[in-house]
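A.B. asks: I need the structure of the sequence given here:
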Amino acid sequence: MTDISHWSKFEPKNRTVHETTHWIVVVRGKQISLGSCVFLLKRPVESLSLLNADELVELPSVAGWFEAKTLDLWGAERFNYISAMMKDPFFHIHAIPRYSSERSFNGHAWIDADWPKVANLRDVDTSDQDLAAIVAAMKY
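C.D. replies: Model prediction:
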């Protein structure tokens with residue numbers, strides 16, 4: 001089994017919605033927009049330039065899964081991918097579906113506050129109940 005302890009902050013045990021040979025997709029704890037996720041590489045590298053060919057080749061299929069899933073579930077219109085690596089030193093990608101209008105899910109309205117600009121990686125209070133519902137909707 002792959003040691004992913006460097007990703008404990010992202011709670012992969014509870015929030016994994018998709019997994020491939022080299023990547024894990026987890027629901028982001030702070031939902032910038034409905035269905036925001038993080039693509040986690042299964043090994044700790046500090047830079048995009050350190051990914052190997054197999055990891056790079058697999059990445060478009062991970063993004064394809066994410067885009068298809070959020071389009072199917074909530075009608076995502078665009079996608080922002082951000083790899084800032086300022087707080088967490090290992091390479092990962094924040095994947096944020098974008099919506100021009102309000103979406104309803106789990107009993108309340110979800111607004112993409114940054115539309116039509118680039119998503120802002122700000123702190124967003126997201127309840128455990130909402131996170132669990134998003135995980136259940138997106139899982140595999």
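A.B. asks: for this structure, what spans make up the helices?
C.D. replies: For the chain, helices defined by DSSP state H occupy the ranges 12-15, 53-74, 128-138.
A.B. asks: for the one residue sitting closest to the centre of the chain, which non-adjacent residue is spatially closest?
C.D. replies: When Cα atoms, centre = their mean is applied to the chain, the residue found nearest the centroid is C37 (1.3 Å). Once flanking residues are discounted, C37 sits nearest to A95: 4.7 Å by Cβ to Cβ, 6 or more residues apart in numbering. In this view, the C-beta of every residue, glycine as well, is placed from N, C-alpha and C.
A.B. asks: so what's the one you found bridging to?
C.D. replies: C37, Y81 (DSSP bridges).
A.B. asks: ok, now which ones touch it?
C.D. replies: By Cβ atoms under 8 Å, 6 or more residues apart in numbering, the residues touching A95 are V25, S36, C37, V38, F39, A63, F66, F79, N80, Y81.
A.B. asks: quick one: contacts for the second one?
C.D. replies: It refers to S36. Listed by Cβ under 8 Å, 6+ apart, the contact partners of S36 are V27, R28, K30, H94, A95, I96, P97.
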